[in-house]
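J.: let's see this in three dimensions:
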Amino acid sequence: MMRWIGSLAAAVFAALLASAAMAQYPVRPIRLLVPNPPGGAIDITARIVGQKLAEAMGQPVVVENRAGSNGNIASEIAARAAPDGYTLLLCADSQIVINPHLYSRMPLDTLKDLTPVATLVSTQMVLTVNPSLPVKTFPEFIEYARRANPPLLYASIGNGSQHHLAMEMLKARAGIDLVHVPFKGGGPATVAVLAGEVTTMFGGNSVSGHIKAGRLRALALASSRRTAGRADLPSIGEFYPGYDVTTWLALFAPAGVPEPVLARLRGEVGRMLALPDAQAKLRAAGGLEPFITTPEEFASVIRADYAKYGKVVKDSGAKVD
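T.: Just a heads-up that it's a prediction; the model follows:
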């Protein structure tokens, strides 16, 4: 009996210590994993978010770039870390809702091994064409593509990427035939469109400067509605209701992180995204718009996107091994 009482007392004491530690969270630096090399929208977002969280929480937030395997390396490291709030993952939606459908063997279950913390920003891809193509509007492009023989070539940043799947979704909705030419990244894909090697692509940061300079022609946003930052461009959803490929970036943690820690992080993220200077820096990084949701809304977004991209990947036959 005395041994049992002693064990119970030790367990209670340990629980109290853990509770006190959570109440004081954070008491040491936080590791923020990024699945991309330095530079680019995701890395820039991580550094803006990391700086603001460090200022608010009184501890350094150390950004660690762990690129490779379409983000699976960073995701696995995060999922295997201790669930104490000191290892976080800042990633794009594709890692969570597309990769599981592309890879026959995933190193983790993104829906079970990671805990959603908070959405951060969203952004829209733009359908662009080489200016030599005799079309100036989205409807003209669709009609031209329907008549093209042989079919037009389109670029993407890689097989199974959102750029690839966005065009496959458009092909299905519009009833057009286009031939996919995958490249290793947005830079090479954009160069191919500029050179006229391929006709069109969906792009983000890699095409923005060329659109402004007139070297590429923007036709439409890959979204369900127009955005304030690109009010001059129609959304594809205006022509095909339900079409939406909105890219979001968010924070995740290992499964099992205590709710008080998650609540602290969510609260600080919400306050950070409301700061005018943070919003200005994010928009300057490539048209990134603050994307604030409740935990329930975020969970709903993940479920819907997981199902949507699962169908597109299956229908397109895209695979990565």
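
J.: residue contacts, A255?
T.: 79, 83, 112-115 (Cβ atoms under 8 Å, 6 or more residues apart in numbering). Every residue, glycine included, has its C-beta placed from N, CA and C.

J.: among these, which one sits closest to A213?
T.: Closest approach between the contacts of A255 and A213, by Cβ to Cβ: L114, at 39.5 Å.

J.: identify the bridge partners of the closest one.
T.: P254 (DSSP bridges).

J.: Provide a list of residues in contact with it.
T.: Contacts of L114 were listed using Cβ under 8 Å, 6+ apart, and they are 75, 78-79, 89, 96, 108, 252-255.

J.: closest one of those to I176?
T.: Sorting the contacts of L114 by how near they are to I176, with Cβ to Cβ, puts I96 at the top with 29.4 Å.

J.: beta partners of the residue nearest the centre of the chain?
T.: Central residue check for the chain by Cα atoms, centre = their mean: the C-alpha nearest the mean position is that of A92, 2.1 Å away. Judged by DSSP bridges, the bridge partners of A92 are L249.

J.: could you measure from it over to T128?
T.: Between A92 and T128 the distance is 20 Å, computed by Cβ to Cβ, to the nearest Å.

J.: any idea how far P37 is from the residue nearest to the centre of the chain?
T.: The gap separating A92 from P37 is 14 Å, by Cβ to Cβ.

J.: ditto for L275
T.: Noted for L275: a distance of 27 Å to P37, by Cβ to Cβ.

J.: who are the contact partners of the closest residue to S94 other than its chain neighbours?
T.: In this structure, S94 finds its nearest non-sequential neighbour in Q162, 5.5 Å apart by Cβ to Cβ, 6 or more residues apart in numbering. Q162 makes contact with 93-94, 98, 125, 202, 245, 247 under the criterion Cβ under 8 Å, 6+ apart.

J.: swap the cut-off to 10 Å and go again
T.: If you count contacts by Cβ atoms under 10 Å, 6 or more residues apart in numbering, Q162 has them with 92-94, 97-98, 125, 156, 169, 202, 204, 222, 245-247, 309, 312.

J.: helices - which of those land there?
T.: Taking DSSP state H as the definition of helices, those contribute 93-94, 97, 169, 309, 312.

J.: circling back to that earlier point, by neighbours, which of the contacts of L114 wins?
T.: Greatest neighbour count in those, by other Cβ atoms under 10 Å, goes to L89: 29 neighbours.

J.: count of residues packed around N205?
T.: Counted with other Cβ under 10 Å, the neighbours of N205 add up to 17.

J.: now the strands: where do they sit in the stretch 1-150 of the chain?
T.: Secondary structure of the stretch 1-150 of the chain by DSSP state E, counting those that start in this stretch: the strands cover 30-34, 61-65, 87-92, 114-124, 126-129.

J.: could I get those strands as CSV with mean pLDDT and distance to K281?
T.: Listed next are the strands of the stretch 1-150 of the chain as CSV, based on pLDDT from 0 to 100; distance: least, Cβ to Cβ, whole Å:
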stretch, mean pLDDT, distance to K281
strand 30-34, 98, 16
strand 61-65, 97, 15
strand 87-92, 97, 15
strand 114-124, 96, 11
strand 126-129, 96, 21
